[in-house]
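Trainee: Sequence and predicted structure below; questions after.
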Amino acid sequence: IMPGYTHMQRAQPITFSHHLLAYMEMFKRDIERLKDSLKRVNVLVLGSFFKQKTSYDIDRMYVASLLDFKEVSLNSIDGVSDRDFIIEFLSLASLIMMHLSRFSEEVVLWSTQEFNFVELSDQYSTGSSIMPQKKNPDSVELIRGKTGRVYGNLFALLTTMKGLPLAYNKDMQEDKEPLFDTVDTLKGCLKVFIGLLGTIRVNEKKMEEAVKFGYLNATDLADYLVKKGIPFRTAHDIVGKLVAYAITKNVSLEELNISEFRNFCQLIDEDVYEFLDLKNILKRRKTIGAARWEEDV
């Protein structure tokens, strides 16, 4: 169990697995987009010649079948001047790098002493050249940094192509460097990140401690009052006052006694403590896509 965040403020309890699976959904979409892009890459342009189609009597469909292309380009001018398929790949690579960068940023935060949620393996971190106590998450910082490099490759080719008349222009030879560099960068970042995830150590105790401070079960207390027949707007106001009171006492909501609860709302009963239990909060999340807690996990 760990805190879920909005605005980088602790919001509600979730599970670490649920947080990781959010990135799985992002990478699933990345895979789907890459697969979809193949049909726009796997087009034979051989035979387009320079601008007019070649006068040699060739069978382009037969050549395509021999070379395992699914289709042939239908316009010779477009065939020699199109770089959309590279730009599309660079766009998809930029999306993947953005997802890796967001994930990397969270690993950077989680590995700080302020969070201490995870510890990186020495294989994927470095010491400081000056401060001997430091353990820096350089691997994910570099992935985060190389995201800008991939973005730059995308915008470089977009800028190259934006003013070119049809058909071929020598400027187009500038497509190779951003494409090959992006492929190498992306493959390298994925290799490093996969290795890092396989060696990362999770501080479960620290995560659970973080959930206990910050009144992450406040929304569920409001839900509890709604189940008692109180409109949510009123319940929200009551819980806000309860949280403010608990802050003055430096205690969590579940540490308040029943009489203190009833000073704010007479409908609160002893069952409130079971309702506010973190695991019970997660067990009540029944909808598809919610963070749930299963005892046998």
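Mentor: All right, it came through fine.
Trainee: M2: neighbour count?
Mentor: 25 (other CB atoms under 10 Å). C-beta: built from backbone N, CA, C; applies to glycine.
Trainee: What values do phi and psi take at it?
Mentor: Per-residue torsions, M2: phi -140, psi 170 (degrees, to the nearest 10).
Trainee: Run a quick neighbour tally on the nearest residue to it once chain neighbours are set aside.
Mentor: Distance criterion CB to CB, 6 or more residues apart in numbering; nearest residue to M2, sequence neighbours excluded, is M207 at 3.9 Å. Neighbours of M207 under the rule other CB under 10 Å: 20.
Trainee: Quick check: M207 is in a strand.
Mentor: No: according to DSSP: H, G, I helix; E, B strand; the rest coil, M207 belongs to no strand; its state is helix.
Trainee: what's the spacing between it and P3?
Mentor: Going from M207 to P3 by CB to CB, to the nearest Å gives 8 Å.
Trainee: you'd agree the residue nearest to M2 is up against T15?
Mentor: No: M207 is beyond contact range of T15, at 9.3 Å (criterion: CB atoms under 8 Å).
Trainee: which residues are common contacts for these two?
Mentor: Residues touching both M207 and T15 (CB atoms under 8 Å, 6 or more residues apart in numbering): I1, M2.
Trainee: Now stretch 76-96: average pLDDT?
Mentor: Regarding stretch 76-96, the rounded mean pLDDT is 95.
Trainee: contacting residues around that stretch?
Mentor: The list of residues contacting stretch 76-96 from outside it, by CB under 8 Å, 6+ apart, reads 27, 30, 33-34, 37, 40-41, 43, 45, 48-53, 73, 147, 150-151, 153-154, 157-158, 161, 164, 166-169, 172, 175, 178-179, 182-183, 186, 190.
Trainee: Tell me how far the host helix or strand of L92 lies from the chain's centre.
Mentor: Following DSSP states H and E, one finds L92 within helix 84-110. From the chain centre to the centre of helix 84-110 is a distance of 9 Å (CA atoms, centre = their mean, to the nearest Å).
Trainee: Tell me the neighbouring strands of the following helix or strand past it, and mark each as parallel or antiparallel.
Mentor: Using DSSP H and E, the helix or strand that follows helix 84-110 in sequence is strand 118-119. The strands that strand 118-119 pairs with in its sheet are strand 201-202 (antiparallel) (by DSSP bridges).
Trainee: Give me the neighbour count for E274.
Mentor: 9.
Trainee: Pull whichever strand or helix holds it out as PDB, backbone CA atoms only.
Mentor: Using DSSP H and E, E274 sits in helix 272-276. Output in PDB follows, covering the C-alpha atoms of helix 272-276 (Å, rounded to 0.1, in the frame of the first residue of the first chain):
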ATOM      1  CA  VAL A 272     -16.100   3.900  11.500                       C
ATOM      2  CA  TYR A 273     -12.700   2.400  12.500                       C
ATOM      3  CA  GLU A 274     -13.200  -0.700  10.300                       C
ATOM      4  CA  PHE A 275     -14.300   1.600   7.500                       C
ATOM      5  CA  LEU A 276     -11.200   3.700   7.700                       C
END
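Trainee: And the nearest residue to L225 once chain neighbours are set aside, how far from K227?
Mentor: Spatial nearest neighbour of L225, excluding adjacent residues (CB to CB, 6+ apart): A235 at 3.7 Å. Applying CB to CB, the value for A235 to K227 is 9 Å.
Trainee: So between these two, which is more surrounded?
Mentor: The neighbour comparison of A235 against K227 (other CB under 10 Å) goes to A235, with 22 against 10.
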